[in-house]
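Asks: Take this sequence and fold it.
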Amino acid sequence: MDSKSRLSKEVLGLVPGYLQRRAEDILRLRESIAAGDYDQIASIAHKLKGNGAAFGFPDISRTGADLEKAAKDRNETRTLILIENLNGEVLKLKRDSHA
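Replies: Model prediction:
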C-alpha cells in the first residue's frame with residue numbers, strides 16, 4: 001500500500017501545499033548552509049521530523065531527524081547530502097502526487 005492510499009481525503013487535499021512548503025524549506029536550507037547557519041537548519045529539520053509523519057511521509061521524517069543531528073553536529077558534508085536527499089524525496093512525491 002503506498003502512502004497516498006493511506007491518507008484521508010482531507011489530508012490528501014493538503015499534500016500539494018505541503019510539498020510546496022517543503023520545496024521552500026529546501027531553498028531556505030540551501031541558503032542556511034551557505035551562510036553556515038546550522039541553528040536555522042536544525043530548526044527546519046526538527047519541523048520536518050514532525051510534520052512528515054503527520055502527512056504520511058516517513059522518509060521526510062527520517063531525513064528531518066538525520067538532518068537535525070547533522071546540523072547540531074555542524075557536519076557540513078552530511079548536511080549537504082541530506083538536503084539533496086530531501087530534495088529528491090520531495091520531487092518524487094510531487095511527481096507521484098500527479099500520477
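Asks: Return the distance of the longest helix seen in the chain from the chain's centre.
Replies: Ranked by residue count under DSSP state H, the longest helix found in the chain is helix 9-35. Put simply, helix 9-35 sits 7 Å off its chain's centre (C-alpha atoms, centre = their mean, to the nearest Å).
Asks: I'd like the next helix or strand past it.
Replies: Downstream of helix 9-35, the first helix or strand assigned by DSSP states H and E is helix 38-54.
Asks: Distance from that following helix to the middle of the chain?
Replies: Helix 38-54 sits 7 Å away from the centroid of its parent chain (C-alpha atoms, centre = their mean).
Asks: before we move on, back to that, show me what the longest helix of the chain is packed against.
Replies: With contacts taken as 3 or more C-beta pairs under 8 Å, 6 or more residues apart in numbering; DSSP states H and E, helix 9-35 sits against helix 38-54, helix 76-97. To be clear about C-beta, it is placed using only N, CA and C from the backbone, and glycine gets the same treatment.
Asks: Quick check: buried residues in it?
Replies: 12, 15, 18-19, 22, 25-26, 29, 32-33 (16 or more other C-beta atoms under 10 Å).
Asks: Thanks again, I'm all set now.
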